[in-house]
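Chemist: fold the stuff below for me.
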Amino acid sequence: MGRDKALLPWPPGPSGSIPGGTFLSETIRLLGQLNDMVIVVAGKNLENIAPVVYAHGGVILENPAPERGQFSSLRIGLHEVLNRGRDTAMITLVDRPPAAQSTLERLRCAFEMAVAKGKWAAVPEYGGQHGHPYLAGREMIEAFLRAPEDSTARDVEHRNVQRIEYVPVADPFVSTNVDTPEQYAELVSAYK
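Modeler: Next up is the predicted model:
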């Protein structure tokens with residue numbers, strides 16, 4: 001991308017206007033409406049994103065070894081969730097547009113019903129692709145934390161697929177990836 005994707009302007013405003021938010025700030029704002037805290041795990045971009053996290057009421061943690069990958073950041077965040085006495089986490093990536101609030105509410109309801117059926121997590125699905133945010137109960141959190149360090153979140157998910165409720169949603173942002181300036185320009189264009 002050539003710049004920190006978490007700080008890409010979002011949502012797009014009318015042509016020529018400057019958006020007031022970013023992928024990160026909008027994600028914190030939306031998650032904050034349904035969760036009692038928002039924890040952001042940063043790597044080498046800590047200094048760049050800390051002001052945005054603090055300005056929007058989030059908590060920031062540093063991954064001291066970001067070269068170990070996303071799974072190491074996930075584990076740092078989940079340890080903090082447990083350390084703060086919580087046993088459920090709404091997990092998402094901050095380098096993409098946030099899911100709609102209605103999607104988050106649907107996932108939360110689906111998670112509550114799934115837990116009653118013995119499931120450990122609820123994952124949104126759009127167009128046959130799994131996405132974020134991902135709601136994980138204590139058992140799934142522990143599965144992530146017990147997994148070998150060289151695992152990925154996908155590895156853990158596949159090992160526990162029978163414990164996951166996949167929730168069809170009408171929100172393409174749950175599975176949208178933005179990796180290039182061209183993809184970002186297409187996203188902005190499609191959003192308007």
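Chemist: ok, the most centrally placed residue in the chain - contacts?
Modeler: For the chain, the residue sitting closest to the mean C-alpha position, by Cα atoms, centre = their mean, is residue 92 at 0.7 Å. Taking Cβ atoms under 8 Å, 6 or more residues apart in numbering, we find residue 92 in contact with 27, 31, 98-99, 132-134. (Each C-beta comes from the backbone N, C-alpha and C, glycine too.)
Chemist: go on, residue 23?
Modeler: The contact partners of residue 23, by Cβ under 8 Å, 6+ apart, come to 5-8, 10, 94-98.
Chemist: just the strands in this structure please.
Modeler: Assigned by DSSP state E, the chain shows strands spanning 39-42, 59-62, 88-91, 121-126, 129-130, 134-137, 164-168.
Chemist: and those as a markdown table, adding distance to residue 145?
Modeler: Below are the strands of the chain laid out as a markdown table (distance: least, Cβ to Cβ, whole Å):
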| stretch | distance to residue 145 |
| --- | --- |
| strand 39-42 | 14 |
| strand 59-62 | 15 |
| strand 88-91 | 11 |
| strand 121-126 | 14 |
| strand 129-130 | 21 |
| strand 134-137 | 11 |
| strand 164-168 | 17 |
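Chemist: which among these is found nearest to residue 154?
Modeler: strand 129-130 (8.8 Å; Cβ to Cβ).
Chemist: beta-bridge partners for residue 22, please?
Modeler: Residue 22 forms beta bridges with residue 9, as assigned by DSSP bridges.
Chemist: any idea how far it is from residue 124?
Modeler: Distance of residue 22 to residue 124, computed by Cβ to Cβ, to the nearest Å: 22 Å.
Chemist: test my guess that residue 59 contacts residue 39.
Modeler: Yes: counting by Cβ atoms under 8 Å, residue 39 is a contact partner of residue 59 at 4.9 Å.
Chemist: which neighbours do those two share?
Modeler: Common contacts of residue 59 and residue 39 (Cβ under 8 Å, 6+ apart): residue 80.
Chemist: the more surrounded of these two?
Modeler: Between residue 59 and residue 39, counting by other Cβ atoms under 10 Å, residue 39 is the more crowded of the two (21 against 15).
Chemist: below-threshold pLDDT in this protein: ranges please.
Modeler: The chain contains residues with pLDDT under 70 at 15-19, 192.
Chemist: which residues of it fall in helices?
Modeler: Using DSSP state H, the helices of the chain run over 23-34, 46-55, 70-83, 101-116, 138-146, 153-159, 181-191.
Chemist: what would the contacts of residue 92 look like in TSV with neighbour count?
Modeler: Output for these, formatted as TSV (neighbours: other Cβ atoms under 10 Å):
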residue	neighbour count
27	27
31	24
98	27
99	26
132	22
133	25
134	23
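Chemist: between the residues you listed, which sits nearest residue 174?
Modeler: Closest to residue 174 out of those is residue 99 (5.1 Å), distances taken as Cβ to Cβ.
Chemist: among the contacts of residue 23, which ones are buried?
Modeler: 5-8, 10, 94-98 (16 or more other Cβ atoms under 10 Å).
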